[in-house]
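>>> sharing a sequence plus its predicted fold:
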Amino acid sequence: MFRQTMLKKIKKSGLIGRGCNNFLVADKWEMVRRAKGAEKFVVCNISESEPGMFKDKYILEKWPQLVLDGINLAMSEIKAKKGLVYLNPVYYSEFQASLEQIIAKNNFKIELFEKPLHDYVGGEETAVLNSMQGLRVEPRLKPPYPTAFGFYGAPTLIHNCETFYAVSLINSGVYKNTRFYCLSGVNRTNEIKELTTDLTVRAVLQEFDHTPSADFFYQVGGGAAGFCYNYKQLNRKFEGSPSIIIYKNDGSEQATVMKWLDFFRKESCGQCVPCREGTFRLRNLMYEYYQSEQLDKKVFDDLVLSLQKTSLCALGKTATNALVSYFKNVKET
Amino acid sequence: MKKIKFYINNKEYVAFENESVLDVALREGLNIPHLCKHPDLAIKGNCRLCLVQIENKGVVTACSTVAEKGMQIFLETEEIKNLRKTNLELIFSEHQEKCTTCVYQDNCQILKYAAEFGVKISRFEDRKKHFSTWQFGDSIQFDSSKCIDCRNCVEVCEKQACNFYEVAKRGVDTVVKPKGEANGITSPHPLLINEGSLDLLKNDVDKFDCTYCGQCVTHCPVGAISGVPHWEAVEKLLKDRAGKILVAEIAPSIRVSIGEEFGEAYGKIMTGQLAASMKALGFDWAFDVNLGADFTTYEEAQEVVEMVLNNKSRPLFTSCCPAWVKFVEFYYPEFMAHLTSANSPHMCSGPIIKTYFADYLKKDPRDIVVVSIMPCTSKKHEINLETHTIDLGWCLERLDLPNIKNICPDRKQLQGVKVKAVDYVLTTREYAYLLHKHKIDLSKLKAEKLDKPLGVYSGAGAIYGATGGVMESALRSADYFFRVWDETGSLKSIVHGENYKLKKKRFSKLSQSRIEFKEVRGQSGIKEARVKVGGRKLNVAVVNGLGNAKKVLDDLKAGKVKYDYVEVMACPGGCIGGGGQPIPTNSKIRAQRAAAVYEIDKNLAIRTAHENPSLLEVYNKYFKGDKEIIEKVLHSKFKVKEREGYTIL
């Protein structure tokens, strides 16, 4: 009876996963529940390695009990053998004690796992699984998806920490269709607000008391993979992470562009050709461009397309988001 | 099996359930470029070349996309062509072209694709120009400036249970390399600050070593890995022989594979052409290792019989595969005493050539150069082993070599002078390369006969090339040996090569023993059978692939299985799938080569080692039943191996 009601509640809430894939939580649960496998696992991904994102930390500080409750609810729903909390090394050292205390007190079958590196791709769900299995930290080919073939091949339910927090709220009937938005950048220390899920970027900025203007441009959806917009383009919903970074629009692009390119060159796992080579070649191409003011547009386009269309995982596919949208939306307008 | 219909370029195709788009396309003869996919290995999808367009879904890799009902696939849209082209250009930027010295030049897959897609090879600067070449022991070379990081080698090495490779570092700094530091380098190498593979950070590299099986060579799509080349030295000798007699000998399995290098069908038998080609290149003598294989069988079958009669500890393992021997010596030394000590086939023929045949030629053994043409990279290692050297002083003292004694009258001067039983090993690929280089088209040569006296062989020797062949050969002779024992109460007539005629004949008039043991044939990784040999029942197993060997050894250790006699070949399918064989090699090709080997056996008049007149003559005339001589000439010793690792060239 309990299981039915829990999944029904989730279904009714229409809860969307708080990672960046916009997946219906109820669907995922249903898939894992139906998947064949003697053992099943629930994984809470607290890798939080996207620049400009710090909401998981905020949630861990304020509601660790709710996160663990959410994991436990999911575990009973899908009959999981074990729950695993995957924490980046900084969070691990910070929250290990408090989380373990709650786990012990409640007799949860949940274990903490320290992410070996504070890297970017290690937060991708299949890279998380590889990491916990002691394999090289890099994404797997999908399909199969973790719901069918996850931790050591067992059906596995993976959610971001905020999703489990929301599951707890839904269970106790207090979920109000809200999520956490992160704001950082010019004149801002990292700020967080819990607001309704359907807001536009402009509306969120308003909540943070920021008035968009031509003096700024905005990176929305994460400091690495997010897109750049000018102040007129903000009447849009969020895609990807609910994060906004405010940049000064003063034409000093080189440092920003190179920061993005250096980031992906460093964070590429090196598994597939377009990302391994593309992030490196594109970085060098732009570096040359800033030295010589000359850009081979054909090479630029070919590298961008190869990354976007043929990379094995989302890291490569989104590696040029910021760069391309900056040129399109900010520089050329 | 469930089938589904879908469309490629608007034409209907049928796929089996869970079949990938790439597999269907290749099966149907459609061209989709691909490098990292190998039929023996898992789908990795990292070269990103087999791109196709799915209607309403965009660009995907065909290797990792399962065909679905009604799916519309387009192979060559403008977008796809462009993307493939860019990715191929990026791959070329990781691959330093060294085409003139590359043994793959005639069947280079990426050059073929480059022409197909109009690729500018040098669009992106070669990133790996300064990358080094590593040599594993004395057998394998890995030129990292040609490596495209596809990891086929890593995976196949893992399948071979050796795990000698690792993927180090991340992103564009990723390096596929042998584990640990190169020999002689003590300071921590930057490669070991290995962010990616933390599991490998543990200081346990000494637990992994290369067995030189060469599976990484045949699974590398770009020729970055090869056997240590011996062809240059051989070519130099052929040009300027400096008074040397040059002897070439061909392994059982290469006659059914080398044709592939000359456009022949898989499994085409080329024995006669090979004989002609060796002469055309300038070798003085062209011999067949099949005779050597008969010696191996003859000795090994005696070991099997003695094990049973004396109730020695079991199982007995074959030992003619040097990669398997190294695997035992390094990874499982506790099983070393179970290896048969009979030499591998060319290590039987080699010593005989350098002693009795040298005497027949009236030549100093030091003036004879033996070149084995082998399906194998590990044989390059085997010929350097101490146990396979010939002590000339001992030979003159103990063997009946009147002519050599005349040439080298002072035995004392030869005391401790050692020569290698075999001087060089050319892989099938290397030999084909040499023929191409000298404009000898194997297909066009008129077949000739191999040279006598060392050219006569039995079908038992011929089947050594396929997994199960050594086992079957040994069983054929063991069957006879057991019967000889039962009739005469000793194996004396066998040791003396007397060709004892059994009084009790239960088999055909043609043969004195049971011939075919079909239960040990076939391509599966572990075959088990209970066979009746000479009135006794033996539990046998035939294993191919070191991963399977590991499983069998672990099961034996755990007491889960019990065998009397086990054949192990390191490579999938045995020597026909060897690390020195033509590329591509995969399960279908291996099956066709194996079928050809059994075809040779079927058509031979003599099908057992113990009926081979050449062999019996050597036992009768030269060994004369002297067990010490047989032991010294035809048997080897094993020793526990430390990690041999790799060096930077």
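Cool, got the structure. Computed from a predicted structure; not experimentally measured.
>>> please make it C-alpha for all contacts and neighbour counts, starting now.
Will do.
>>> run the chain-centre distance for stretch B:323-337.
Relative to the chain's own centre, stretch B:323-337 is displaced by 17 Å; criterion: C-alpha atoms, centre = their mean, to the nearest Å.
>>> make that stretch B:491-506, sorry
Relative to its parent chain, stretch B:491-506 has a centroid offset of 34 Å by C-alpha atoms, centre = their mean.
>>> pull the CA atoms of it into PDB?
Extracted in PDB, the C-alpha atoms of stretch B:491-506 (Å, rounded to 0.1, in the frame of the first residue of the first chain):
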ATOM      1  CA  LEU B 491      58.300 -47.900 -24.200                       C
ATOM      2  CA  LYS B 492      61.800 -48.900 -25.400                       C
ATOM      3  CA  SER B 493      60.800 -49.400 -29.000                       C
ATOM      4  CA  ILE B 494      59.400 -45.900 -29.000                       C
ATOM      5  CA  VAL B 495      62.500 -44.200 -27.500                       C
ATOM      6  CA  HIS B 496      64.500 -46.000 -30.200                       C
ATOM      7  CA  GLY B 497      62.200 -45.000 -33.000                       C
ATOM      8  CA  GLU B 498      61.600 -48.600 -34.000                       C
ATOM      9  CA  ASN B 499      58.100 -48.300 -35.500                       C
ATOM     10  CA  TYR B 500      56.900 -51.300 -33.600                       C
ATOM     11  CA  LYS B 501      54.000 -53.000 -35.400                       C
ATOM     12  CA  LEU B 502      51.200 -53.800 -33.000                       C
ATOM     13  CA  LYS B 503      50.000 -57.400 -33.100                       C
ATOM     14  CA  LYS B 504      46.500 -56.500 -32.000                       C
ATOM     15  CA  LYS B 505      45.000 -54.300 -34.700                       C
ATOM     16  CA  ARG B 506      41.800 -52.700 -33.800                       C
END
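>>> how deep is the residue of chain A found nearest chain B tucked in, by neighbour count?
Closest residue of chain A to chain B, C-alpha to the nearest C-alpha: A:Gly270 (3.6 Å). Counted with other C-alpha atoms under 10 Å in any protein chain shown, the neighbours of A:Gly270 add up to 26.
>>> for A:Thr256, same thing?
A:Thr256 is flanked by 14 other residues according to other C-alpha under 10 Å.
>>> pLDDT score for the residue of chain A closest to chain B?
Reported pLDDT at A:Gly270 in the predicted model: 96.
>>> now do the contacts for it.
A:Gly270 is in contact with A:Arg276, B:Arg170, B:Gly171, B:Val172, B:Asp173, B:Thr174, counting by C-alpha atoms under 8 Å, 6 or more residues apart in numbering or on different chains.
>>> can we see that at 6 Å?
Residues counted as contacts of A:Gly270 (C-alpha atoms under 6 Å, 6 or more residues apart in numbering or on different chains) are A:Arg276, B:Arg170, B:Gly171, B:Val172, B:Thr174.
>>> how deep is B:Ser55 tucked in, by neighbour count?
Quick fix: residue B:55 reads Glu, not Ser. Neighbour tally, B:Glu55, other C-alpha under 10 Å: 11.
>>> ok, now B:Cys102?
Neighbour count for B:Cys102, taken as other C-alpha under 10 Å: 15.
>>> host element of the residue of chain A closest to chain B?
A:Gly270 belongs to no helix or strand when assigned by DSSP states H and E.
>>> now it: how far from A:Leu312?
Separation of A:Gly270 from A:Leu312 (C-alpha to C-alpha, to the nearest Å) stands at 10 Å.
>>> neighbours of whatever residue of the stretch 501-649 of chain B ends up closest to chain A, just the number please.
Closest to chain A within the stretch 501-649 of chain B is B:Gly547: 19.5 Å, counting by C-alpha to the nearest C-alpha. Residues lying near B:Gly547 (other C-alpha under 10 Å) number 20.
>>> please apply the same query to A:Leu195.
Neighbour count of A:Leu195, defined by other C-alpha under 10 Å: 15.
>>> same question for B:Asp173.
Number of residues near B:Asp173 (other C-alpha under 10 Å) recorded here: 17.
>>> up against chain B, what does chain A have?
When proximity is defined as C-alpha under 6 Å from any C-alpha of the partner chain, chain A approaches chain B at A:Gly134, A:Arg136, A:Ser268, A:Cys269, A:Gly270, A:Cys272, A:Val273, A:Arg276, A:Ser306.
>>> strands along the stretch 51-200 of chain A, start to end?
A:82-87, A:110-114, A:156-160, A:178-185, A:188-196 (DSSP state E, counting those that start in this stretch).
>>> quick one: those strands as a markdown table, columns for distance to B:Trp324 too.
Converted to a markdown table, those look like this (distance: least, C-alpha to C-alpha, whole Å):
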| stretch | distance to B:Trp324 |
| --- | --- |
| strand A:82-87 | 42 |
| strand A:110-114 | 40 |
| strand A:156-160 | 40 |
| strand A:178-185 | 59 |
| strand A:188-196 | 61 |
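>>> deepest-packed of those strands, please.
strand A:156-160 (a mean of 27; mean count of other C-alpha atoms under 10 Å in any protein chain shown).
>>> ok so, going back, list the contacts of the closest residue to the residue of chain A closest to chain B other than its chain neighbours.
Once flanking residues are discounted, A:Gly270 sits nearest to B:Gly171: 3.6 Å by C-alpha to C-alpha, 6 or more residues apart in numbering or on different chains. Shown in contact with B:Gly171 (C-alpha under 6 Å, 6+ apart): A:Ser268, A:Cys269, A:Gly270, A:Arg276.
>>> taking these, tell me the two that lie furthest apart.
A:Cys269 and A:Arg276 (7.2 Å; C-alpha to C-alpha).
>>> any idea of the mean pLDDT for stretch B:491-509?
Mean per-residue pLDDT for stretch B:491-509: 82.
>>> try stretch B:75-92
Mean pLDDT, computed over stretch B:75-92, is 95.
>>> what of stretch B:559-578?
Mean pLDDT, stretch B:559-578: 97.
>>> how long is that stretch from one end to the other?
30 Å.
>>> what of stretch B:445-453?
Distance between the boundary residues of stretch B:445-453 (C-alpha to C-alpha) amounts to 23 Å.
>>> alpha carbons only: can I get stretch B:538-554 in PDB?
Taking C-alpha atoms only, stretch B:538-554 is exported to PDB below (Å, rounded to 0.1, in the frame of the first residue of the first chain):
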ATOM      1  CA  LEU B 538      41.500 -39.500 -19.900                       C
ATOM      2  CA  ASN B 539      39.800 -36.200 -18.800                       C
ATOM      3  CA  VAL B 540      41.200 -33.600 -21.200                       C
ATOM      4  CA  ALA B 541      40.600 -30.000 -21.700                       C
ATOM      5  CA  VAL B 542      41.500 -27.700 -24.600                       C
ATOM      6  CA  VAL B 543      41.800 -24.000 -23.800                       C
ATOM      7  CA  ASN B 544      42.500 -21.100 -26.100                       C
ATOM      8  CA  GLY B 545      42.900 -17.500 -24.900                       C
ATOM      9  CA  LEU B 546      44.800 -16.700 -21.800                       C
ATOM     10  CA  GLY B 547      41.600 -15.300 -20.100                       C
ATOM     11  CA  ASN B 548      40.200 -18.800 -20.400                       C
ATOM     12  CA  ALA B 549      43.500 -20.300 -19.200                       C
ATOM     13  CA  LYS B 550      43.300 -18.200 -16.100                       C
ATOM     14  CA  LYS B 551      39.800 -19.500 -15.400                       C
ATOM     15  CA  VAL B 552      40.900 -23.100 -15.800                       C
ATOM     16  CA  LEU B 553      43.900 -22.500 -13.500                       C
ATOM     17  CA  ASP B 554      41.800 -20.800 -10.900                       C
END
